[in-house]
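**Student:** predicted coordinates and the sequence they were generated for:
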Amino acid sequence: MSALAGLKLVNAKQQRTTDPVLLRREKLVSKLDEQIAMAQAQAAGTTYAPQRSKRVKDSAGNVVTQQVPKRVKAWYWPVGGGRVCVALRYGNKVLELAKGKVAVEVGGVKELIGVLDALKKAVEAGELDAQIEATSASVRKAFKRKA
């Protein structure tokens with residue numbers, strides 16, 4: 001019996017490009033995961049310090065890979081009375097969640113984790129695709145070459 005006889009053969013083409021909407025969604029979800037991890041560390045009283053790889057030259061002139069701390073800025077800030085506001089960011093722009101509303105106010109850091117999870121589910125479900133697209137267009141516009 002042939003080795004190929006036991007396999008299911010199909011005529012399929014590999015997709016070369018991914019939908020840009022899905023890419024933007026995945027990018028925002030990964031950043032939300034970082035914010036959730038940062039909020040969980042803050043609630044536990046520890047620090048969140050993710051690592052990234054960086055290639056540097058050593059004293060002999062050889063290129064080596066080092067692990068260095070990654071800089072992650074919090075998307076949330078205290079507003080007084082133990083309350084915290086959180087805003088979604090795409091690039092360096094803040095997403096408008098509703099007309100004229102850019103932040104969510106929560107009771108404290110412990111409730112912040114639940115709100116970040118809810119925002120992550122909303123992004124995964126595609127509820128903020130229009131806002132992400134508009135913000136992405138303005139971010140891309142900043143990278144255009146000026147004549």
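**Tutor:** Yes, it's here.

**Student:** confirm Gln15 sits in a strand?
**Tutor:** No: under DSSP: H, G, I helix; E, B strand; the rest coil, Gln15 falls outside any strand and is assigned coil.

**Student:** and it, how many neighbours does it have?
**Tutor:** Using other Cβ atoms under 10 Å, the number of residues around Gln15 comes to 7. For glycine as for every other residue, the C-beta is placed from the backbone atoms N, C-alpha and C.

**Student:** now the residue nearest to the spatial centre of the chain: which helix or strand?
**Tutor:** With distances taken as Cα atoms, centre = their mean, the residue of the chain nearest its centroid is Lys31 (1.9 Å). With elements taken from DSSP states H and E, the one containing Lys31 is helix 20-44.

**Student:** give me the next element, helix or strand, following that helix.
**Tutor:** Where DSSP H and E defines the elements, the next helix or strand beyond helix 20-44 is strand 51-57.

**Student:** skip ahead from that following strand and say which helix or strand is next.
**Tutor:** strand 63-69.

**Student:** show the average pLDDT along that following strand.
**Tutor:** The average pLDDT for strand 63-69 rounds to 92.

**Student:** if we can go back for a sec, for the residue nearest to the centre of the chain, give me its contacts.
**Tutor:** Arg89 (Cβ atoms under 8 Å, 6 or more residues apart in numbering).

**Student:** distance of it from Ser53?
**Tutor:** Lys31 sits 19 Å away from Ser53, taking Cβ to Cβ, to the nearest Å as the criterion.

**Student:** repeat that for Ala12.
**Tutor:** 35 Å.

**Student:** next: Ala44.
**Tutor:** 26 Å.

**Student:** before we move on, what about Gly82?
**Tutor:** Applying Cβ to Cβ to Gly82 and Ser53 gives a distance of 38 Å.

**Student:** now for Val56, how many residues are close by?
**Tutor:** Val56 has 10 nearby residues by other Cβ under 10 Å.

**Student:** with Gly81 instead?
**Tutor:** Gly81: 8 neighbours (other Cβ under 10 Å).

**Student:** how about the contacts made by it?
**Tutor:** Residues near Gly81 by Cβ under 8 Å, 6+ apart: none.
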